[in-house]
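**Student:** Any chance you could fold what I've pasted below:
(one chain, ligands or ions: 2)
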Amino acid sequence: MQVWTVVNQKGGVGKTTSAASLAGSLISQGYKVLLLDLDPHASLSYYFKVEQNSSPNLYDYFLSEADTDVSKLVKQTRHTALDVLPAIGSMATLDRQLGQAEGKGLVIKNLLAHVKKQYDVVIIDCPPVLGVLMVNGLMACNTVIIPTQTEYLAIRGLNKMLQTLDLLAPMMTEKPVIKIVATMFDRRLKACQQAYKALRQEFKSLLWQGYIPTDTKFREASQKGLAICDLDATSRGSFAYEKLCNDLLKERRQ
Ligand SMILES: Nc1ncnc2c1ncn2[C@@H]1O[C@H](COP(=O)(O)OP(=O)(O)OP(=O)(O)O)[C@@H](O)[C@H]1O
Ligand SMILES: [Mg+2]
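**Tutor:** Ligands and ions are numbered 1, 2, ... in the order given. Below is the predicted model:
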């Protein structure tokens, strides 16, 4: 089972959109996928319109792993090949509650051990905050996807994110594949083209070769609770995520 974590300490860069779109590409190719929402804002859970306030929930699991039945946390979607493990708002208090408690960075890794036979790929959506939730998302994964807006200011944020990864790397069981993904790329804008060039110079092979274009279809897809490929498989955005998905699958096969 592969675990792809979508992360960036910066907000609004396309993390949730990337998680939803990659899940759509994977299920269209016959993979069984679990989307795990680690953001207390629960955008991904809203996106796929799954029930969030049921009990037990992910918050309960963080506080008491042993007493929580993992199978009861997972919700089905309209796609038989796609399940969602929703977030709940109370997860925002976990940093304060867990403090420096030992082993709390491995809660999600432990959780995924329960479902590893059921899914081909798990995609984890992280909040834009460095804390216990993001650390859990990173410690559980073997691929790190870092969406970034195609603009100059993004470079500084990316360096912060890579420093965080460097800090955690010694504690991870597997060296992860890391891909920075340029999003919201508007090829008509010179500033976008220059920013992409700067990203390539600064991050070299860490930057995915392609880019995700700006496409109004993403907003429409999220309103309708559809992955972009289900809304319009011929859209530029759908093609771009399909290519990213295939490149990520290939990367892990190498
Ligand atoms: N390639 C794109 N083209 C046009 N709009 C996009 C694109 N990617 C994302 N968006 C839109 O930008 C907004 C922010 O995207 P998204 O929610 O995926 O970001 P995020 O990084 O998850 O944000 P947060 O840090 O708040 O969780 C959404 O309204 C989404 O529909
Ligand atoms: Mg998000």
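**Student:** Bridged to Pro213, which residues?
**Tutor:** Phe185 (DSSP bridges).
**Student:** right, and it touches Asp186 too?
**Tutor:** Yes - taking contacts as CB atoms under 8 Å, Pro213 lies within contact range of Asp186: 7.2 Å. For every residue, glycine as well, the C-beta is placed using N, CA and C.
**Student:** More neighbours: which of these two?
**Tutor:** Pro213 (19 against 14; other CB atoms under 10 Å).
**Student:** wait, what's in contact with that one?
**Tutor:** Met184, Phe185, Asp186, Arg187, Arg236, Gly237, Ala240 (CB atoms under 8 Å, 6 or more residues apart in numbering).
**Student:** of all the residues you listed, which comes closest to ligand 2?
**Tutor:** Met184 (13.7 Å; CB to the ion).
**Student:** Flag every residue of this structure that's near ligand 1.
**Tutor:** 11-17, 39, 43, 128, 183-184, 212, 214-215, 218-219, 222, 237 (CB under 6 Å from any ligand atom).
**Student:** So which of those are in helices?
**Tutor:** Judged by DSSP state H, the residues of the chain next to ligand 1 include Lys15, Thr16, Thr17, Ser43, Phe218, Arg219, Ser222, Gly237 as members of helices.
**Student:** Please spell out the ChimeraX selection for the buried subset of these.
**Tutor:** Here is the ChimeraX command that selects the buried residues among these (16 or more other CB atoms under 10 Å):
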select :15,16,17,43,218,222,237
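**Student:** and the ones in helices among the residues of the chain next to ligand 1 near ligand 2, which?
**Tutor:** Applying CB under 5 Å from the ion to these, one finds that Lys15, Thr16, Ser43 fall near ligand 2.
**Student:** Relative to His79, how far out is the last one?
**Tutor:** Ser43 sits 19 Å away from His79, taking CB to CB, to the nearest Å as the criterion.
**Student:** Quick check, Phe185 in contact with Thr148.
**Tutor:** No - judged on CB under 8 Å, Phe185 makes no contact with Thr148 at a distance of 10.3 Å.
**Student:** So which of these two has more stuff around it?
**Tutor:** Legend: neighbour count by other CB under 10 Å for Phe185 and Thr148, higher for Thr148 (25 against 21).
**Student:** My read is that that one contacts Asn159, right?
**Tutor:** No - the pair Thr148 / Asn159 is not scored as a contact, 11.0 Å apart, by CB under 8 Å.
**Student:** Show me the helices in the stretch 151-254 of the chain, by range?
**Tutor:** Along the stretch 151-254 of the chain, counting by DSSP state H, counting those that start in this stretch, helices occupy 154-168, 190-203, 217-224, 228-231, 236-253.
**Student:** and among the ones you listed, the most buried is which?
**Tutor:** By mean neighbour count, with neighbours taken as mean count of other CB atoms under 10 Å, helix 228-231 ranks first of the helices of the stretch 151-254 of the chain at a mean of 22.
**Student:** Report all helices and strands that that helix contacts.
**Tutor:** Counting contacts by 3 or more CB pairs under 8 Å, 6 or more residues apart in numbering; DSSP states H and E, helix 228-231 packs against helix 15-28, helix 217-224, helix 236-253.
**Student:** Save the ones you listed as a markdown table, and put in mean pLDDT too.
**Tutor:** Shown next, in a markdown table, are those (pLDDT from 0 to 100):
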| stretch | mean pLDDT |
| --- | --- |
| helix 15-28 | 98 |
| helix 217-224 | 96 |
| helix 236-253 | 94 |
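**Student:** Turn those helices into CSV, including distance to Leu85.
**Tutor:** Formatted as CSV, those follow (distance: least, CB to CB, whole Å):
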stretch, distance to Leu85
helix 15-28, 12
helix 217-224, 19
helix 236-253, 20
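**Student:** Which helix or strand contains Thr5?
**Tutor:** For Thr5, the element it lies in under DSSP states H and E is strand 2-6.
**Student:** Pull the distance from that strand to the chain's centre.
**Tutor:** Strand 2-6 sits 6 Å away from the centroid of its parent chain (CA atoms, centre = their mean, to the nearest Å).
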